[in-house]
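J.: Here is a sequence with its predicted model. Questions after.
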Amino acid sequence: MKFLKSSVLFLIFFLPQIVFAQGIDSIFVGMPLKINPLLDKNSKNKLLFYYKQNYTDSVKNLFGSKVAVLEYDSAHNYISIQNTPSSIISIFTFRYLNQPITGLIKTVGDTLKSSDLRFYKSEWESVTINFKKPVAFDWFKPESDLENKFDTEWIKNQLVVSFVTLKYDPLKSQIVASNSSLKYISKETYSVLSDYFNTSPFVFSFNGREWNRE
């Protein structure tokens, strides 16, 4: 009964708002299935509706897993969704050469997570904007004396796979990159390398043309 009631309220009051809404709501709902095939428009509309109305009714993806809104900030055009139990999608906007751009961060993994960032113009048309995602070795302290003890290539070989996650900060309009790659290596290697790597995240800001690390 509760589900039926909420569905009726959704059709009467909320659907027209979604259709004519501007900003993050319409961007999220308009995301094509080729980019995120797990949620259709109806599911995304319901997800936003339930979240805004504080309803406990859940929305499920194509595989039957529960989907949830993790963060939502309409004022800064930002939304983060638990897309599957082991994946998160985050959407934000900014302006590039005086045109609106949508950024999409896809993060996958459980203990060891990795993110991918892509950019789109209107109608979710892919566009290339310079953002150099850091790799694990970028956190190596250049002032350390580890290079005097080990060959640099040996260090890089211990970090062949980089587990770097990205998160957008809507209040500061920045992308924050964190490195969890050291969790991937053996305890013996970790005991050697841990003191020679920074633990602080990297912060990237947009200068109007590209994303630069501060």
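T.: Thanks, I have it. Numbers count the residues shown, from 1 in each chain.
J.: hey, which helix or strand in the protein has the poorest pLDDT?
T.: Using mean pLDDT, DSSP states H and E, the weakest-scoring helix or strand in the chain turns out to be helix 15-20, at a mean of 41.
J.: After that helix, which helix or strand is next?
T.: helix 24-29 (DSSP states H and E).
J.: Identify the residues contacting that following helix?
T.: 17-18, 41, 44-45, 48, 72-74, 77-79, 81, 91, 93, 102 (C-beta atoms under 8 Å, 6 or more residues apart in numbering). C-betas here are computed from N, CA, C, even on glycine.
J.: Out of the residues you listed, list just those in strands.
T.: Assigned to strands by DSSP state E, the following of these qualify: 72, 73, 78, 79, 81, 91, 93, 102.
J.: Secondary structure class of residue 200, three-state.
T.: Classification of residue 200 by DSSP: H, G, I helix; E, B strand; the rest coil places it in coil.
J.: Could you give the number of residues near it?
T.: 8 (other C-beta atoms under 10 Å).
J.: and what of residue 135?
T.: 16.
J.: On the pLDDT front, check it for me.
T.: At residue 135, the pLDDT value in this model is 95.
J.: Which other helices and strands does the helix of greatest length in the chain contact?
T.: Longest helix of the chain, by residue count under DSSP state H: helix 41-52. Using 3 or more C-beta pairs under 8 Å, 6 or more residues apart in numbering; DSSP states H and E as the contact test, the elements touching helix 41-52 are helix 2-9, helix 15-20, helix 24-29, strand 59-60, strand 66-73.
J.: Sort out which residues of the third one are buried, please.
T.: Taking 16 or more other C-beta atoms under 10 Å as the basis for neighbour counts, the residues of helix 24-29 that come out buried are 24, 25, 27, 28, 29.
J.: What is the distance between it and the centre of its chain?
T.: 15 Å (C-alpha atoms, centre = their mean, to the nearest Å).
J.: The shortest one too?
T.: Per C-alpha atoms, centre = their mean, the displacement of strand 59-60 from the mean C-alpha position of its chain is 20 Å.
J.: quick one: contacts for the spatially most central residue of the chain?
T.: By C-alpha atoms, centre = their mean, the mean C-alpha position of the chain lies nearest to residue 105, the distance being 3.1 Å. For residue 105, the contact set (C-beta under 8 Å, 6+ apart) comprises 88, 89, 90, 91, 92, 115, 116, 117, 166, 167, 168.
J.: I am finished for the moment; much appreciated.
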